[in-house]
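> Predicted model follows, preceded by the sequence.
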Amino acid sequence: MIPWLLAALSLCTPGTGLPPRHMDSIIRMVEALESPHANVTVTIADLALALGGCSTPGCRAVLGEPPHIPTAPPALNPDQWQLLTRLLHRDGAVLAPDGSTVALGPLLAGIAVGLRRAGEGPILNASVDPLFAVTIAEALGTSFLTARGGDGATLGPGGCWDDVDDPQNYTLLGPPSLVPDAVANGAMDGVLLGNRLAGDPIRLAKLLRDYYGTGNGTKEGRPPSSYRRRDFGVLAGPGKLEEEVLAMLRVLRVLPPTRELLEDVGAEEEVAIARRAARDFTERYVECPAIVPRCMWGARPYRGTPKPLSLPLGSVYIHHTFSPGAPCRSFAACARAMRAMQRFHQDTRGWDDIGYSFVVGSDGYVYQGRGWHWVGAHTKGYNSRGYGVGYIGDFSAAPPDADTIALVRDELLPCAVRAGRLRHNYTVRGHRQMGHTDCPGESLFREIETWRGFV
């Protein structure tokens, strides 16, 4: 493998007792650098470039050689400097308040482009959109190039932190690609925040706090970062992402470090690679919802031996949890609700695990219960025939908000069909149709009567 690609394969290294790898730690550094008493001119974006946040050939072709910063800025204490250095030299991932994991490299590269577009520095290559080039286009192009012939992953996987309160170590949940979920999140955020900065060069600390909902009173609400997939899709389509991946491949073709990647790639194949990369990324990260894995919400182990489902399934059964009765609107609140339901199902009901296949929060995320492959305990007599999807809350009097409804109706179910987990002619039913219960509540039931596949 080409040497400059090697660093992208590792997201985290063993914890060292440094500040938590949380977005709030990064924002505190930004605040320190922006303080009127700091007497420094360096920005967090400059530091990112200097410490390796723009180390790939394509990124350097757009933003130039990184600035030289020989010593730690006095505004940062030794622990902050060490953490930042490790993050940008090695794994680069931090935990955001919405429960997502964000790679700093593409995030800060996008911010650097936004600042330069606002008049704070040059952009060197006019043949590409620099905002897409340094965040996602190069990473996507090289990932799909190196995986030609079917060898190796092209996107994903996700992963889990050792401790969501003091995140230090992040473990991938499958074979790594050059665009794991953390890089995808960082790239989408880099595009969105870089675009915002280009048009409105506000202070970075405020930009980051407002976007991630860190320490600004939105902890119990839904932060803008939870809408990253929707908002990125607006900027990246239709056809924009494919266009930019193709443009970046043509830049890489003439750069000495990357020529060998494209030596035997003709023009038609180049176009096909860009099309596939853009299509697969869009399907996975824009059209499908993010699913929070069990290890992130703190699930207990499954008791016993799970029974496999025979896919694709033909049905989806919609539930509401009733208790907890209030919708959860933050990662912390939804994770607590998941743990409470699992305890109730295991300790009181005597089930092997939480009963639902998936659970839907009002924070913009789907939470993995038993998942795609294992029989649940959600709809007696029908658990092996369909997925049980439960909305957190009591929806007898009012339905979930429109965004939370759409998370299942417009995203989860179509994605399950594309992935071969659900038949294209699937049916949707409310729990009450399958047994003696009011579930999923009168209001939610009236809503799902309007869904495709309801019978």
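Noted; the coordinates are in hand.

> Residue 173 contacts residue 157, doesn't it?
Yes - the criterion here is CB atoms under 8 Å, and residue 173 meets it with residue 157 at 4.8 Å. Backbone N, C-alpha and C define where each C-beta goes, glycine included.

> in which helix or strand would I find the residue nearest to the spatial centre of the chain?
The C-alpha lying nearest the average C-alpha coordinate of the chain belongs to residue 185 (CA atoms, centre = their mean; 4.2 Å). Element membership for residue 185 (DSSP states H and E) is helix 181-199.

> pLDDT at the nearest residue to residue 230 once chain neighbours are set aside, what is it?
Excluding the flanking residues, the one nearest residue 230 by CB to CB, 6 or more residues apart in numbering is residue 286, at 7.8 Å. Predicted confidence (pLDDT) at residue 286: the value is 97.

> how much space is there between residue 286 and residue 233?
Taking CB to CB, to the nearest Å as the criterion, residue 286 is separated from residue 233 by 4 Å.

> The two: which is more packed in?
Taking neighbours as other CB atoms under 10 Å, residue 286 and residue 233 compare with residue 286 leading, 20 against 17.

> quick one: that one is in a helix?
Yes - with DSSP: H, G, I helix; E, B strand; the rest coil as the criterion, residue 286 is located in a helix.

> so it sits right up against residue 229, yeah?
Yes - with contact taken as CB under 8 Å, residue 286 and residue 229 are classed as touching, separated by 5.2 Å.

> ok, the nearest residue to residue 279 once chain neighbours are set aside - contacts?
With CB to CB, 6+ apart as the measure, residue 242 is the residue that lies nearest to residue 279, at 7.6 Å, once sequence neighbours are left out. Contacts of residue 242 were listed using CB atoms under 8 Å, 6 or more residues apart in numbering, and they are 274, 275, 277, 278, 279.

> Now, those that are in helices?
274, 275, 277, 278, 279 (DSSP state H).

> Can you add distance to residue 67 and neighbour count and give these back as TSV?
Converted to TSV, the ones in helices among the contacts of residue 242 look like this (distance: CB to CB, whole Å; neighbours: other CB atoms under 10 Å):
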residue	distance to residue 67	neighbour count
274	31	24
275	36	16
277	31	29
278	32	25
279	37	12
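
> Give me the contact list for stretch 153-163.
The contact list for stretch 153-163, computed with CB under 8 Å, 6+ apart, reads 11, 15, 21, 95, 101, 143-144, 147, 167-182, 184, 277, 280-281, 284-285, 293, 295-296.

> so how far is the first residue of it from its last?
Between the opening and closing residues of stretch 153-163 there is a gap of 27 Å (CA to CA, to the nearest Å).

> before we move on, back to that, between the ones in helices among the contacts of residue 242, which is nearest residue 198?
residue 278 (22.4 Å; CB to CB).

> and the nearest residue to the closest one once chain neighbours are set aside, backbone torsions?
In space, residue 278 comes closest to residue 242 once its chain neighbours are excluded; the distance is 3.7 Å by CB to CB, 6+ apart. Its backbone dihedrals place residue 242 at phi -60, psi -40, with angles given as degrees, to the nearest 10.

> and the gap between residue 242 and residue 306?
To residue 306, residue 242 is 39 Å away according to CB to CB.

> what bits of the stretch 1-150 of the chain have low per-residue confidence?
Along the stretch 1-150 of the chain, the parts satisfying pLDDT under 70 run over 1-16, 90-91, 120-121.

> all helices of it, in order?
Secondary structure of the stretch 1-150 of the chain by DSSP state H, counting those that start in this stretch: the helices cover 3-6, 23-34, 44-50, 57-63, 78-89, 104-115, 130-132, 138-146.

> would you list those helices in JSON lines and tack on mean neighbour count and distance to residue 152?
Formatted as JSON lines, the entries for these read as follows, by neighbours: other CB atoms under 10 Å; distance: least, CB to CB, whole Å:
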{"stretch": "helix 3-6", "mean neighbour count": "11", "distance to residue 152": "11"}
{"stretch": "helix 23-34", "mean neighbour count": "21", "distance to residue 152": "30"}
{"stretch": "helix 44-50", "mean neighbour count": "24", "distance to residue 152": "27"}
{"stretch": "helix 57-63", "mean neighbour count": "23", "distance to residue 152": "20"}
{"stretch": "helix 78-89", "mean neighbour count": "18", "distance to residue 152": "24"}
{"stretch": "helix 104-115", "mean neighbour count": "29", "distance to residue 152": "20"}
{"stretch": "helix 130-132", "mean neighbour count": "26", "distance to residue 152": "23"}
{"stretch": "helix 138-146", "mean neighbour count": "26", "distance to residue 152": "7"}
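
> could I get those helices as TSV with distance to residue 381?
Listed next are the helices of the stretch 1-150 of the chain as TSV, based on distance: least, CB to CB, whole Å:
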stretch	distance to residue 381
helix 3-6	51
helix 23-34	45
helix 44-50	55
helix 57-63	56
helix 78-89	51
helix 104-115	48
helix 130-132	50
helix 138-146	45
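
> of all the ones you listed, which lies closest to residue 407?
The closest of these to residue 407 is helix 23-34. By CB to CB, the value is 22.9 Å.

> Okay then, goodbye and thanks.
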